[in-house]
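Undergrad: Everything below, folded, please.
(chains A and B)
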Amino acid sequence: MEEIKKVRGFQDIYGENAEKYRYIVNTARKIFDKYNFKEIILPYVEDVSLFIRSVGEETDIVQKEMYTFKDKGGREIALRPEGTASVVRAYIENRIFAEGGYHKFFYEGAMFRYERPQAGRYRQFHQIGAELFGINNPLSDVEIISLVKDILDVLKIDTRLEINTLGSFEDRKIYIEELRKYLSEKKENLCEDCKKRLEKNPLRVLDCKVESCKDETKEAPKLYEYLSETSIKRYEEVKKYLKALDINFVENPRLVRGLDYYTDTVFEFITDKIGAQGTVAAGGRYDKLVEQLGGPPTPAVGFAAGIERLMLLVDELPQGEDLIAVIPINDEFNLLALKVANKLRKENLKVELILKTGSLKSKMKVANKLKSSYVIFVSDSYELKDMLTGSQIKYEDLNILVQTLKNS
RNA sequence: GAGGGUGUAGCUCAGUUGGCAGAGCACGAGGUUGUGGCCCUCGGGGUCGCGGGUUCAAGUCCCGUCACCCUCCCCA
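TA: Residues are numbered from 1 along each chain as shown, chains lettered A, B, ... in the order given. So this is what the prediction gives:
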């Protein structure tokens, strides 16, 4: 029979990688809880038009990376390529805004993009993210950045934080026109990609890596020259708060982000340690998106982090609970060993009943390989062996043995 | 979507001008008939990614294909 292989760009996460995955998600969940963000569990599929209207019709994500299909009712469906659009849709559709005040959500799960697989880049990848709706002050930007920073710190992941401001929606509109005018005159010197970008999204020309493009943009109009008073002021506030929290950052005026919905503050946490795909977490404000998707004008800010990329940077897992191996010395004591194992589990201990039959030696090898901290030999009595020291004590009464283990 | 690299045992890899498919680790049994790690002995394991071609003969040469890795692009 021919072996069936996994689909290109997809992966099985198991063993140590699965532990890393859980560790990252659990850590993030704890921090989300500390910041009092509430979980929102969202569909993995959405109407295609949701992403066209939020992420942007001209973006690569929408143009060539979405998994789309028609369902049996003829609906145009997409596997979600990112999380923010769905949270915004849910916020509007469920009239969450009607409760007044502001709202904080986090999510976790798979995203899908049909891209060329690479280190730290898969067609199904997983993100954790958070969104904050209904507040537009700089405090909310910093709250999100601080939240991401806390997660990375607990995971002991070292990154560089880059920030920038894109200005308000109106500021940016004026600036983009000016930039387009300026670059159109230099069009001949731009790379092929940038010629296209000039039409679709001139901002992206600013972070092109081609030398000739870099030269041409040096003298180009600067975004900060077009920022309104309010935008400048809020950007200064954001920087002030970050400094006050001892969160180091570098300003990168070329940081523009690839999704259309961002406004004002944008940020990326970047590492050099995992190759070309160095952005580990990123986000920013999107004050116009809720409105664009049919909701009431609602400012918002959020972020997303790639779990696979975080996994590449986590090299130390926290030590787990001690494992206790229960070994019947021969088949005669199998039933008793089963009972002992279950009793210990009810006492909230972590137990591996050694299922392998055969010599005691081979059972011990299994216990050793599983990194058991203790072994209990079950016969007419119970012998507790400490696997680190090798010392062994005999117990007649199982309850006393249990108490000893629980106190250790 | 474009360019480059790599596919041989469970893992990491060697394999010369084309001439019997290899090592280390891992795994199994034993060395101790009731005790792991270190050491020793023995053992099981392969469609050489897949398909085609050249040849007396292909892991090795040629073509195609798939997967992974890297770069560009894009992004988390």
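
Undergrad: rest of the way, CA atoms for contacts and neighbours
TA: Will do.

Undergrad: burial measure for the residue lying closest to residue A:76 once chain neighbours are set aside, as a count.
TA: In this structure, residue A:76 finds its nearest non-sequential neighbour in residue A:70, 4.8 Å apart by Cα to Cα, 6 or more residues apart in numbering. For residue A:70, the count of nearby residues is 11 (other Cα atoms under 10 Å).

Undergrad: Quickly find the element holding residue A:287.
TA: Counting by DSSP states H and E, no helix or strand carries residue A:287.

Undergrad: how does chain A divide into domains?
TA: Here chain A is described, according to automatic domain parsing, as comprising the domains A:16-168+A:228-313, A:323-407.

Undergrad: Out of these, indicate the one that is most buried.
TA: Mean neighbours per residue, mean count of other Cα atoms under 10 Å, is largest over these for domain A:16-168+A:228-313, with a mean of 18.

Undergrad: looking at it, residue A:288 is touching residue A:295, isn't it?
TA: No. Residue A:288 lies out of contact with residue A:295 (Cα atoms under 8 Å); the separation is 9.8 Å.

Undergrad: Within range of RNA strand B, give me the residues from the stretch 301-408 of chain A.
TA: Within reach of RNA strand B by Cα under 7 Å from any atom of the strand, the stretch 301-408 of chain A has these residues: A:304-309, A:329, A:358-362, A:364-366, A:368-369, A:377, A:379, A:383, A:385-391.

Undergrad: Narrow those residues to those in strands?
TA: The strands, defined by DSSP state E, take in A:304, A:305, A:306, A:377, A:383, A:385, A:386 from these.

Undergrad: Farthest-apart pair in those residues, please.
TA: Largest separation among these by Cα to Cα: A:304 and A:383, giving 51.1 Å.

Undergrad: contacting residues around stretch A:76-93?
TA: Applying Cα atoms under 8 Å, 6 or more residues apart in numbering, the external contacts of stretch A:76-93 come out as A:40, A:42-48, A:50-51, A:54-55, A:61, A:65-71, A:97, A:107, A:111-113, A:129, A:131, A:289-290, A:293-295, A:302, A:304.

Undergrad: 7 Å instead, please
TA: For stretch A:76-93, contacts defined as Cα atoms under 7 Å, 6 or more residues apart in numbering pick out A:42, A:44-48, A:50-51, A:54, A:66-71, A:97, A:111-113, A:290, A:295.

Undergrad: Tell me if I am right that residue A:106 is in a strand.
TA: Yes. The assignment for residue A:106 by DSSP: H, G, I helix; E, B strand; the rest coil puts it in a strand.

Undergrad: Who does it form a beta bridge with?
TA: Going by DSSP bridges, residue A:106 is paired in beta bridges with residue A:39, residue A:130.
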